[in-house]
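1. need a 3D model of the sequence below.
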Amino acid sequence: MTLPLTTRLLAAAAVCGVLFVALGLFVTRHPPSRFDSWAAGLRAANVQLATIFTVSGYGPALTALGLGSIAGAFALRLSIKIPLAILVSQIVSQGLVSASKALFARARPDAWLYRHEPGFSYPSGHATTAVVFYGAWLLVIWASPLPAVVRVAGSALLAAWSLGICWSRIALGAHFPTDVTGGVLFGLAWLCCVLTAARYAGLVSRPA
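-> Next up is the predicted model:
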């Protein structure tokens, strides 16, 4: 018997949430792992490209993209509910990430190559953004009625961009790899919850 999609989404959210908390407790109670030490080999790898990816994960770029998508939908006489929901989801998720940073209180790496940011390290807000914002748009494009070649190309581009954002945080020395992993886990948990809520709210079609 196949479980309903909403049940599977909530189960996935629970698993990712548990892994997120477990990883956070581990990294705050132990010195950097071998996995974290491995990041030294990625640091300073194409700093210019890494900076572009990182900038795309900051508030100003996300606000411009979010408001631009809402304006575009309005101009095309399409519903603004989905782009608005993605923007609100991004804002709320970053608030929760900030609270999580304060809870785990992990110190950041000390080898910065770009914009020195205050605050703690776990989880990476950029990694969460890669999933919650860019990942949500990937799903929207994939499920859209656009031609197949456009859907595949657009989804592939957004997937690559999301990976680039995650990579950039390590390459610029802003986070440990485990911070990025934690951000991805948190983002997946949050996105699964948002998708479930969107189905119940009628923003996306529910399975028959």
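2. by contact count, what packs against the host helix or strand of residue 89?
-> Taking DSSP states H and E as the criterion, residue 89 maps to helix 81-104. Helix 81-104 is packed against helix 5-29, helix 59-75, helix 125-129, helix 135-142, helix 177-201, with contacts defined by 3 or more C-beta pairs under 8 Å, 6 or more residues apart in numbering; DSSP states H and E. Where C-beta positions appear, they are placed from N, C-alpha and C, glycine not excepted.
3. now do the buried residues in the first one.
-> By neighbour count on 16 or more other C-beta atoms under 10 Å, the buried set for helix 5-29 is 6, 9-10, 12-13, 16-17, 19-21, 23-24, 27.
4. returning to that earlier point: quick one, which of the helices and strands packed on helix 81-104 gets closest to residue 50.
-> Among the helices and strands packed on helix 81-104, the nearest to residue 50 by C-beta to C-beta is helix 125-129 (11.0 Å).
5. sketch out the low-pLDDT regions of this protein for me.
-> 1, 204-208 (pLDDT under 70).
6. now distance to residue 81 too, for the buried residues of helix 5-29, in TSV please.
-> Shown next, in TSV, are these (distance: C-beta to C-beta, whole Å):
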residue	distance to residue 81
6	19
9	19
10	22
12	24
13	22
16	25
17	26
19	31
20	28
21	32
23	34
24	33
27	38
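7. can you pull the contacts of the residue lying closest to residue 181 once chain neighbours are set aside?
-> Of all residues not flanking residue 181 in the chain, residue 23 sits nearest, at 6.5 Å (C-beta to C-beta, 6 or more residues apart in numbering). The contact partners of residue 23, taken as C-beta atoms under 8 Å, 6 or more residues apart in numbering, are 178, 181-182, 185.
8. which of those residues lies closest to residue 58?
-> Relative to residue 58, the closest of those is residue 182; by C-beta to C-beta it sits at 19.1 Å.
9. next, count neighbours for the closest one.
-> Using other C-beta atoms under 10 Å, residue 182 is surrounded by 30 other residues.
10. that one touches residue 20, doesn't it?
-> Yes. Between residue 182 and residue 20 a contact is recorded at 5.7 Å, counting by C-beta atoms under 8 Å.
11. how much space is there between the nearest residue to residue 85 once chain neighbours are set aside and residue 79?
-> The spatial neighbour of residue 85 that comes closest, neighbours along the chain excluded (C-beta to C-beta, 6+ apart), is residue 203 at 6.0 Å. Applying C-beta to C-beta, to the nearest Å, one obtains 9 Å for the distance of residue 203 from residue 79.
12. and if you look at residue 8?
-> Counting by C-beta to C-beta, the separation of residue 8 from residue 79 is 26 Å.
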